[in-house]
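**Student:** can't give you the sequence, but here's the structure:
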C-alpha cells in the first residue's frame, strides 16, 4: 500500500471499496499490520496538535513526508502505542455511536471545569504564592509566566528549598537551576533546592503525585548525579528521561524509563531500568517488579493527552477526577471493570468526555455540582 492510500484511509476520505481493500490488506499478514501501525503512528506524530481542525489528504501527506526526516522525538513512543488517532477525532473500542442514549441525562449546576496551568509556590520563608495562567511572578531566584516557572542557572553553597504544589485540576512545568525540566501532574508536590550546591549530588523529592523528569546530564555539572526521593524509594540517574507516579491514595509506585538508565533503590533491593521498562513498587507487600510498557501511554499526560490502553472505567475515572477536580460515583458497580482503548484531549469538556467513553451498557449519567453519577 502507498502512503497516500494509508493517509486517505486515516482521514476517512476513502470510498467504501477502498476502505475494504485497505482493511483486507492490513489483516492479510502481521507484516502488513506492522507497516500500517508504524505509518499511522508517524502520521499521528506529524499532524498532532491541540486544535480540532480538518486536514485534507494532500496536507496530511506533506506533513507526513516532512516528518520522516528527521522523525519527531516522540515518534517511537507513538509507534509503541499503536493507537488510531486522527486530528479532531477520538476513536474508542466499545463505544456506542448512537449518543441519543444520553438525551435524558440529568445535569444540575454543573461546576466541573477543564484543568489548567496552576500551582502554589511555597518560598523558603514559608510564603505561599499562587501561580496561574495569565499572571506573572518573579523572585530573585526564579521567574514565572503563570504557565511555568524557571530558576536561575546558578549554584550556591547553601541549600534552600522551595515547594511546588499542583492541585487537582492543574498541571505545571518547572525548570530547575541546573536546567532539568519537570512536568507536574494534577495533585502533585515537588520539593527542590532553589539552587544546587556546586559539585554535589543534585537531589529533589517527589512528595506525592506524578512527575516527568528530563534530567540535565551529569557531564554538565562536574559529574554530579541526580536523585529523586520518595518516602518509599530512591531513583538515581545520570542524565535521562523518566516518569514517576506515586499518588497518596494508591498503593503502588510506578517508575517508567523513557531514555537513558536509572537505578531504583526500594524494598531493600536495587533495580536497573532500561528504556520502556517500568518498575512497580507495591508498598503494601514491599515488593518490586519490572515489566515492559508502552511508554506513550504512561507519559502522554504531560502533552495534554489521556491515552488509555485496556484501562478499566474505574481507573479512567480516577485519572479524570484529578484533572477535572471532580468526584465520581458508580451507581452500577458492574461498570467499574469495563475496559476501553483510546485517546482523549485534556481540553475537552466533561460532557464530551462522557459521550466518547460511555458504552452501550451504561444507561445514563448525572452531574450534580462537581459529582458525576454513572448508572
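**Tutor:** All right, it came through fine. Just so we're clear, the structure is a prediction, and the values are computed from it rather than from any experiment.
**Student:** in the stretch 51-200 of the chain, which spans are strands?
**Tutor:** 85-86, 89-90, 106-108, 116-122, 128-132, 137-138, 142-144, 148-151, 155-156, 161-166, 170-175, 181-184, 188-193, 196-197 (DSSP state E, counting those that start in this stretch).
**Student:** actually the stretch 251-375 of the chain, sorry about that
**Tutor:** 252-259, 262-266, 269-273, 277-282, 287-292, 305-312, 327-330, 339-345, 365-368, 371-374.
**Student:** which stretch among those strands comes nearest residue 227?
**Tutor:** Closest of these to residue 227 is strand 262-266, at 9.3 Å (criterion: Cβ to Cβ). Placement of C-beta: from N, CA and C, glycine included.
**Student:** returning to what we had before: possible to save the strands of the stretch 51-200 of the chain as CSV with mean pLDDT, distance to residue 347 and mean neighbour count?
**Tutor:** Listed next are the strands of the stretch 51-200 of the chain as CSV, based on pLDDT from 0 to 100; distance: least, Cβ to Cβ, whole Å; neighbours: other Cβ atoms under 10 Å:
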stretch, mean pLDDT, distance to residue 347, mean neighbour count
strand 85-86, 36, 15, 20
strand 89-90, 36, 12, 16
strand 106-108, 85, 20, 11
strand 116-122, 97, 9, 19
strand 128-132, 96, 17, 15
strand 137-138, 94, 24, 12
strand 142-144, 96, 22, 19
strand 148-151, 97, 18, 21
strand 155-156, 70, 39, 16
strand 161-166, 97, 17, 20
strand 170-175, 97, 12, 22
strand 181-184, 97, 16, 21
strand 188-193, 98, 20, 22
strand 196-197, 88, 35, 20
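**Student:** In CSV, list these along with distance to residue 344.
**Tutor:** What follows is the strands of the stretch 51-200 of the chain, written out as CSV (distance: least, Cβ to Cβ, whole Å):
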stretch, distance to residue 344
strand 85-86, 10
strand 89-90, 6
strand 106-108, 20
strand 116-122, 16
strand 128-132, 24
strand 137-138, 31
strand 142-144, 28
strand 148-151, 23
strand 155-156, 42
strand 161-166, 20
strand 170-175, 15
strand 181-184, 18
strand 188-193, 20
strand 196-197, 37
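**Student:** what is residue 170 paired to in the beta sheet?
**Tutor:** Here residue 170 sits in beta bridges with residue 116, going by DSSP bridges.
**Student:** right, so of the strands of the stretch 51-200 of the chain, which gets closest to residue 209?
**Tutor:** Of all the strands of the stretch 51-200 of the chain, the one in closest proximity to residue 209, counting by Cβ to Cβ, is strand 188-193 (2.3 Å).
**Student:** quick revisit: would you single out the least confident of the strands of the stretch 251-375 of the chain?
**Tutor:** Note on those: lowest mean pLDDT is at strand 339-345, with a mean of 78.
**Student:** Not counting its neighbours along the chain, what's nearest residue 147?
**Tutor:** Counting by Cβ to Cβ, 6 or more residues apart in numbering, residue 117 is the residue found nearest to residue 147 once chain neighbours are left out, at 4.3 Å.
**Student:** In contact with the one you found: list those residues for me.
**Tutor:** Contacts for residue 117 were tallied using Cβ atoms under 8 Å, 6 or more residues apart in numbering; they are 132, 133, 146, 147, 148, 170, 171, 172, 173.
**Student:** Spatially nearest residue to the fifth one (excluding sequence neighbours)?
**Tutor:** Of all residues not flanking residue 148 in the chain, residue 173 sits nearest, at 3.8 Å (Cβ to Cβ, 6+ apart).
**Student:** From residue 181, how far out is the one you found?
**Tutor:** Per Cβ to Cβ, to the nearest Å, residue 173 is found 7 Å from residue 181.
**Student:** just residue 228 next, same as before
**Tutor:** Residue 228 is 13 Å from residue 181, where distance means Cβ to Cβ.
**Student:** where do the contact lists of the two overlap?
**Tutor:** Shared contacts of residue 228 and residue 181 (Cβ under 8 Å, 6+ apart): residue 213.
**Student:** following whichever strand or helix holds residue 8, which helix or strand comes up?
**Tutor:** Assigned by DSSP states H and E, residue 8 belongs to helix 3-10. Following helix 3-10 in sequence order, the next helix or strand is helix 16-28 (DSSP H and E).
**Student:** got any ranges where the protein has weak pLDDT?
**Tutor:** Scanning the chain with the threshold set as pLDDT under 70 gives 1-3, 12, 27, 30, 33-34, 37-104, 156-157, 358-363.
**Student:** tell me the contacts of the residue at minimal distance from the centre of it?
**Tutor:** Centroid-nearest residue in the chain, with Cα atoms, centre = their mean: residue 301, separated by 1.6 Å. By Cβ under 8 Å, 6+ apart, the contact list for residue 301 reads 171, 185, 210, 319, 346.
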